[in-house]
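Novice: Task: produce atomic coordinates for the following.
(chains A and B)
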Protein chains: 2
Amino acid sequence: MDVRIQKTFEALFALEDLRGIFRESLPTGFDEGEGERFREKIGEIKKILAELEAGTGTPRPIKIAGTLDIRCREEQFINIQPIQAAGRLTTEARKALISYGDGYSTCDFCRKPFRLDKITKPGFADFHADLAKFLNMDQARVVPGARRGFQAVASSLVEKGDPVIVSALAHYTEFLAVEEAGGVVREVPLNEKNIATAEATAQKIEDVRRECGKLPALVMIDHFDYQFANEHEVSGIAKVAHEYDIPFLYNGAYSVGIMPVDGKRIGADFVVGSGHKSMASVAPSGVLATTDEMAPRVLRTTEMAGDVTQRRFGIKEVELMGCTLMGGTLLSMMASFPAVKERTLHWGEEIGKSNHFISTLLKINGSRVLSEYPRKHTLSKVDTTGSFDTVAKTHKRRGFYFSDELSSRGIVGEFAGATRAWKLNTYGLSWKKIGYLADAFTEIAGKYGLKVS
Amino acid sequence: MDVRIQKTFEALFALEDLRGIFRESLPTGFDEGEGERFREKIGEIKKILAELEAGTGTPRPIKIAGTLDIRCREEQFINIQPIQAAGRLTTEARKALISYGDGYSTCDFCRKPFRLDKITKPGFADFHADLAKFLNMDQARVVPGARRGFQAVASSLVEKGDPVIVSALAHYTEFLAVEEAGGVVREVPLNEKNIATAEATAQKIEDVRRECGKLPALVMIDHFDYQFANEHEVSGIAKVAHEYDIPFLYNGAYSVGIMPVDGKRIGADFVVGSGHKSMASVAPSGVLATTDEMAPRVLRTTEMAGDVTQRRFGIKEVELMGCTLMGGTLLSMMASFPAVKERTLHWGEEIGKSNHFISTLLKINGSRVLSEYPRKHTLSKVDTTGSFDTVAKTHKRRGFYFSDELSSRGIVGEFAGATRAWKLNTYGLSWKKIGYLADAFTEIAGKYGLKVS
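Specialist: Residues are numbered from 1 along each chain as shown, chains lettered A, B, ... in the order given. Just a heads-up that it's a prediction; the model follows:
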């Protein structure tokens, strides 16, 4: 590791130590001991900074809380891990987190009616309105992950035994949301290109009606699935669902925050997005947006009353369990939001980079892409059974030789040891990094005598 | 504000800018532009550091992402806000957050069976075992807030129309959890000291059985309530619940993480705690612990199968929606945990400080404490209608004069403008700060001619 990366962490941590002295001291200022510690810490930081500048010095052993290593994959490497790419924090989110990490940091100015999305200082109310506008929906709430959005919707609309339509590539959290609500998933089969189509959905709805004697309670489809990141026919499926008067949930875990999403145009009754997957935010975070028509069902407020005290908490939303992201999670979403909005406008270029890399990979003979191609997404499933895996068969490190080769070139995030079917994500990598990445793959192929056309 | 606090944030933020350069660069190092920016940023940090050391310089206007102010209440003030005290991050948690803020930062080394609590690097599996041990329960999971623990339990045990026993001082999230599960809350009335007793609970169970024709599905009681932080008879209530074979949920939102909690000794089937309220962690976070007997019900794994693909996700826990805290939230809990364990051993001293402050307040004639007294907790509800509110009646700033007086002494966190019944929390304040706080109240009383005995 570049010692300067280590020194950057050392400087940040020493500044947190210093900050701790302010936290301990009285509002009137430092006492003698605190003053002394302050001066010592300043001296330490100066020394670290000098080393950071010079790129010298020995790394001090750092174990956070005595056990945790620093995590510097994003500083040290090019990270192609499939689900981490679009959840990396922006610099502004990291600053917000430094400032707002403490527990209930959102609650300094909580006033009547005492609900997170109504607080105006900081501007959480405005942020919620902005989120709804960003997705072109009427209302939005933040939730602890997209899965909690699925849960809120399923729990509101699905009764025991109700069928719910999902795709044959549905994420497992959709299964859980339906199961938790007492429903049963019914999958839309894929076409020969691994796409869930409107036609297949219409057919499935008919099948369900015939077999179950009732219509599905909900249709919930991923715009891009977690396996291939193929694009599914969400607009067409929304239309089909509405022909049967079935609400449609658009799962935007792999789209909201990286590409433009227009909920009304798609015809979504619900748009769900993931903060930590696609909005450069701390986990668990996400968004659930809906229409004014559906809000009274899914965002209904409590009607429970205490039988002894007659207490009521009328403003609290049942499915959200009241307030949701009361600290650093929300602040990271907010701080990343301007950059997130902006980056969705450059989705075309991200696709271009994705295709550039995949096309280079395909030049290595025997390599295949299992996702639809040309790519419409930055997450791809590739199959290198015919290329890199042929080397693994006889290599003493097996598939790990490939990880070794990548990491020696500063590339991480592939599934260690996997050389057959595996996934990667190029989201957010600059052209410079894409070029480097493509060259690295070509180089490794060359090194092991794989043919490159 | 002490300009050094501002400069500390400036230095932290500038280091995050610097860190951003590493993130953009290739694994092979900086290009010319990056090197130039690096040197410029180092220069800037040196300048800030010099100002920080000297306590000079003009604060640079900081707006995170163009909109957010820095939050420095904990550095600048003594914060007595009722729910924030025990959620303040430890210095180690702040370091963990700097290191692990990025979205899915927990997932670097996720391997089969692909579940957060099974990951060994970092040691999430060990942490889960430690959490269970800490609470003397068999199993523990992290959850996005105590409320999501209540929800998981209620959703598992409560059927439509089932009564659930809560206290007349139950937190609103317990109401919501029961409502979301389709149940109905039935409150245990308080005795004349505002305590929920075992006797009253037994009576309530009998009443419910008579009126509803069935036993309650669950008894869920706060050890210390959110209003008065009075101590309720949790052990006795657990015993009563078990006499009727009703599961007992111990709500430790105001105890787990600040005082020793022995789940088995209490007789709890479930122990729920809050990370952001009492475990020095980022919101939303918390813990749900249970027994081996109850785990198969509440931590049951999915049985749903896709009808087309036959897919099953057998290891995933339905009520948790799979993985829960996949990033900075969990890491903050872990980094604070050694300090949190240690601090529970000093609960007696925290009580001592709480009583010291309250006894000083009571010396200001007309002041009362609405919570039980002597205090058994650091959160207290006080009534200053007979003291500070008498001044507010004629002051042109009304009750805000009191907030003004406190903030001019570097104290924040009271409910601004409130001079009748209001809450405060002394948790974690050193004796030095407690003395300062008590003196400030006495001084303000003196300034306005209130009699102090």
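
Novice: Strands of chain A, residue ranges please.
Specialist: A:78-79, A:139-143, A:163-167, A:184-188, A:218-222, A:248-251, A:270-274, A:286-290, A:368-369, A:379-383, A:411-412, A:421-425 (DSSP state E).

Novice: Other residues contacting the fifth one?
Specialist: By C-beta atoms under 8 Å, 6 or more residues apart in numbering or on different chains, the surrounding residues in contact with strand A:218-222 are A:150, A:153-154, A:157-158, A:162, A:164-167, A:169-171, A:174, A:177-178, A:183, A:188, A:196, A:201, A:205, A:232, A:234, A:237-238, A:240-241, A:246-251, A:253-254. Any C-beta I mention is one placed from the backbone N, CA and C, and that applies to glycine too.

Novice: In it, which residues are buried?
Specialist: By neighbour count, and taking 16 or more other C-beta atoms under 10 Å in any protein chain shown as the criterion, the buried residues in strand A:218-222 are A:218-222.

Novice: And for the second one?
Specialist: By neighbour count on 16+ other C-beta under 10 Å, the buried set for strand A:139-143 is A:139-143.

Novice: List, one by one, the residues from the stretch 101-250 of chain A near chain B.
Specialist: The stretch 101-250 of chain A has residues A:101-108, A:122-123, A:144-145, A:147-148, A:150-151, A:155, A:168, A:170, A:172-173, A:175-180, A:184-189 near chain B, with proximity defined as C-beta under 8 Å from any C-beta of the partner chain.

Novice: Please pick the buried ones from these.
Specialist: A residue is treated as buried here by neighbour count (16+ other C-beta under 10 Å); on that basis the buried members of these are A:101-108, A:122, A:144-145, A:147-148, A:150-151, A:155, A:168, A:170, A:172-173, A:175-180, A:184-189.

Novice: Quick check: A:Glu319 vs B:Asp108, distance?
Specialist: From A:Glu319 across to B:Asp108, the span is 32 Å (C-beta to C-beta, to the nearest Å).

Novice: Kindly report the same for A:Gly213.
Specialist: Relative to B:Asp108, A:Gly213 is positioned 48 Å away (C-beta to C-beta).

Novice: try A:Gly275
Specialist: Counting by C-beta to C-beta, the gap between A:Gly275 and B:Asp108 amounts to 19 Å.

Novice: Go ahead and measure how far stretch A:48-58 is from the middle of the chain.
Specialist: On the basis of C-alpha atoms, centre = their mean, to the nearest Å, stretch A:48-58 sits 35 Å off its chain's mean C-alpha point.

Novice: typo on my end, stretch A:41-61
Specialist: A distance of 34 Å separates the C-alpha centroid of stretch A:41-61 from that of its chain, computed with C-alpha atoms, centre = their mean.

Novice: now stretch A:283-301
Specialist: Here stretch A:283-301 shows a centroid-to-chain-centroid distance of 19 Å under the convention C-alpha atoms, centre = their mean.

Novice: May I see the buried residues of it?
Specialist: The neighbour-count check on stretch A:283-301 (16+ other C-beta under 10 Å) flags A:283-291, A:294-295, A:298-299 as buried.

Novice: and what of stretch A:115-132?
Specialist: By neighbour count on 16+ other C-beta under 10 Å, the buried set for stretch A:115-132 is A:115-117, A:119, A:122, A:124, A:127-128, A:130-132.

Novice: So for it, mean pLDDT?
Specialist: Model confidence over stretch A:115-132 averages 98 on the pLDDT scale.

Novice: Quick one: end-to-end length of it, please.
Specialist: With C-alpha to C-alpha, to the nearest Å as the measure, stretch A:115-132 spans 17 Å from end to end.

Novice: Which ones among the buried ones among the residues of the stretch 101-250 of chain A next to chain B map onto helices?
Specialist: Using DSSP state H to define helices, the subset of these located there is A:147-148, A:150-151, A:155, A:172-173, A:175-180.

Novice: in the stretch 351-453 of chain A, what residue is nearest chain B?
Specialist: A:Gly410 (2.2 Å; C-beta to the nearest C-beta).

Novice: how deep is that residue tucked in, by neighbour count?
Specialist: The criterion is other C-beta atoms under 10 Å in any protein chain shown. On that basis, A:Gly410 has 18 neighbouring residues.

Novice: Cool, thanks, talk later.
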